[in-house]
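Peer 1: sequence below, structure please.
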Amino acid sequence: MTFAQPNITARLVSADRLADTMAARITKYLRRRSGVSLVEMARDIPGFTGDVTWGSSETNIVLWADMSKSAIAAMKTLLDAGRIVPTPTNWLVYNFDGGMLDMPIAEDIEARYSEPHWLPVVFASNREDA
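Peer 2: As a prediction, the model looks like this:
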């Protein structure tokens, strides 16, 4: 008798599994706090940091740098599902939280910039979804 050998390791570290785990961590974190910057999430949520920049290459607007692929995938999923709410904020919030990006600040979310501009955003859980 032969048995199929599941590749448990590959399944546990798959991109979908990592994004699901990250989404659960982010959701739990935002249920306890609101007005959370991405620098706070990077500091407090295991696996949030990485080497990828989250933003739009079409508009040259950057939300945050040094994120993991699973953190970006989780944030996109949560945003698309309406489970978290983004709010543009002042750069001073990020400065107070201990991190900023070294680039011009995006003044208009609808603009298309010729060079990267940072859009400081804070997040909260959608209280209606909780």
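Peer 1: quick one, what contacts residue 64?
Peer 2: 38, 39, 42, 53, 54, 55, 101 (Cβ atoms under 8 Å, 6 or more residues apart in numbering). No exception for glycine: its C-beta is placed from N, CA and C like everyone else's.
Peer 1: shouldn't the second one be within a helix?
Peer 2: Yes - secondary structure of residue 39, determined by DSSP: H, G, I helix; E, B strand; the rest coil: located in a helix.
Peer 1: what helix or strand is the closest residue to it other than its chain neighbours on?
Peer 2: Leaving aside its sequence neighbours, residue 39 sits nearest to residue 99 (Cβ to Cβ, 6 or more residues apart in numbering; 3.6 Å). Here residue 99 sits in a region with no helix or strand, counting by DSSP states H and E.
Peer 1: 46 is where my numbering starts, stick with that
Peer 2: All right, first residue 46 from here; so that's residue 144.
Peer 1: I'd like the distance between residue 144 and residue 83.
Peer 2: 8 Å (Cβ to Cβ, to the nearest Å).
Peer 1: again with residue 72
Peer 2: From residue 72 across to residue 83, the span is 15 Å (Cβ to Cβ).
Peer 1: who has more neighbours out of these two?
Peer 2: Higher neighbour count among residue 72 and residue 83: residue 83, with 24 against 17, using other Cβ atoms under 10 Å.
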